[in-house]
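Student: whatever this is, show me its structure:
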Amino acid sequence: QVQLVESGGGLVQAGASLRLSCTASQRSLLPYFLGWSRQAPGKEREFVGYISWSNGWTTLANSVQGRFTISRDSAANTMYLHMNNLKPEDTAVYYCGLSPIETMSLAGFRSWGQGTQVTVSS
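Tutor: Residues are numbered from 1 along each chain as shown. Presented below is the predicted three-dimensional model:
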């Protein structure tokens, strides 16, 4: 079973940028979609976006479009979430997961990592 490990979170001020990483334990990721979700305190988990490992195409939630992008480094088995112009409402634990199908549904993803905390101060 693939294991995913997130890193790169931290405390930043509003307007700053941050890059999160998600590294997979196996190389054979071609059939999969890797995605990001986040959960703020007291709120339900929200889907952020995903990337097709085979062709690099990405889809992002409306709430982060224009500020966040997703990329991958196939040689490093690593997906990135590039977050720009961060806002206090982006404060959350960010998780990465894996899906065998293209979906924006959290239920379609599995192997979620332990998460990395992002805190944006105003």
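Student: span of stretch 105-122 from start to end?
Tutor: 31 Å (Cα to Cα, to the nearest Å).
Student: off-centre distance for it?
Tutor: The chain centroid and the centroid of stretch 105-122 are separated by 6 Å under Cα atoms, centre = their mean, to the nearest Å.
Student: ok, Gly97 touching Gly35?
Tutor: Yes - counting by Cβ atoms under 8 Å, Gly35 is a contact partner of Gly97 at 5.5 Å. C-betas here are computed from N, CA, C, even on glycine.
Student: could you measure the residue nearest to the spatial centre of the chain against Pro88, distance?
Tutor: Nearest to the mean C-alpha position of the chain, by Cα atoms, centre = their mean, lies Trp36 at 2.7 Å. Going from Trp36 to Pro88 by Cβ to Cβ, to the nearest Å gives 19 Å.
Student: kindly report the same for Leu4.
Tutor: Taking Cβ to Cβ, one finds Leu4 at 27 Å from Pro88.
Student: so between those two, which is more surrounded?
Tutor: Leu4 (21 against 11; other Cβ atoms under 10 Å).
Student: can you tell me the closest non-neighbouring residue to that one?
Tutor: Gly113 (4.1 Å; Cβ to Cβ, 6 or more residues apart in numbering).
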